[in-house]
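> How does the following fold in three dimensions:
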Amino acid sequence: QVQLVESGGGLVQAGGSLRLSCAASGRTFSSYTMGWFRQAPGKEREFVSAISWTGGSTYYADSVKGRFTISRDNAKNTVYLQMNSLKLEDTFVYYCAAARRWSRPDNAGAYDYWGQGTQVTVSS
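Coordinates of the predicted model:
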């Protein structure tokens, strides 16, 4: 069992930066693929980024490539999402997720555990 708790969301002006953190419980955190997804009210959850258990492989949605960076610290059981050059259209609830496999890192259905989400609001 893995429990995930996101933090770091908030209100930021367009062009600004935020760093999301996701703290995981459980001794097997380092064996999980970790992902970030985001969701607007009434819309489907969309993939943002994923990182393999070693951190050696990362994957990004085209909409955030070059602006967002995913990283992980297995010693701290934490995964991060550094978000730079934020745009109004990045306003979502952001969710952290853990998957036992790397098979479909951009597919929400491949993830086994989810956090409760953290709101990111980008203002003009």
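
> close enough to count as contact, Tyr94 and Phe37?
Yes - counting by C-beta atoms under 8 Å, Phe37 is a contact partner of Tyr94 at 7.4 Å. C-beta: built from backbone N, CA, C; applies to glycine.

> tell me, what's touching these two both at once?
Val48 (C-beta atoms under 8 Å, 6 or more residues apart in numbering).

> Is the residue most central in space within the chain in a helix, a strand, or coil?
For the chain, the residue nearest the mean C-alpha position is Trp36 (2.3 Å; C-alpha atoms, centre = their mean). Going by DSSP: H, G, I helix; E, B strand; the rest coil, the secondary structure assigned to Trp36 is strand.

> Leaving out sequence neighbours, find the closest residue to it.
Excluding the flanking residues, the one nearest Trp36 by C-beta to C-beta, 6 or more residues apart in numbering is Val48, at 4.2 Å.

> Now do the contacts for that neighbour.
So, once contact is read as C-beta under 8 Å, 6+ apart, Val48 ends up touching Gly35, Trp36, Phe37, Arg38, Tyr60, Ala61, Val64, Phe68, Leu81, Tyr94.

> Show me the beta-bridge partners of the residue lying closest to Tyr32 once chain neighbours are set aside.
Of all residues not flanking Tyr32 in the chain, Ala98 sits nearest, at 4.3 Å (C-beta to C-beta, 6+ apart). Note on Ala98: beta-bridge partners by DSSP bridges are Met34, Tyr113.

> Can you get me a residue count around Ala98?
By other C-beta atoms under 10 Å, 24 other residues sit near Ala98.

> pretty sure it contacts Tyr111?
Yes - using C-beta under 8 Å, Ala98 is in contact with Tyr111, at 6.4 Å.
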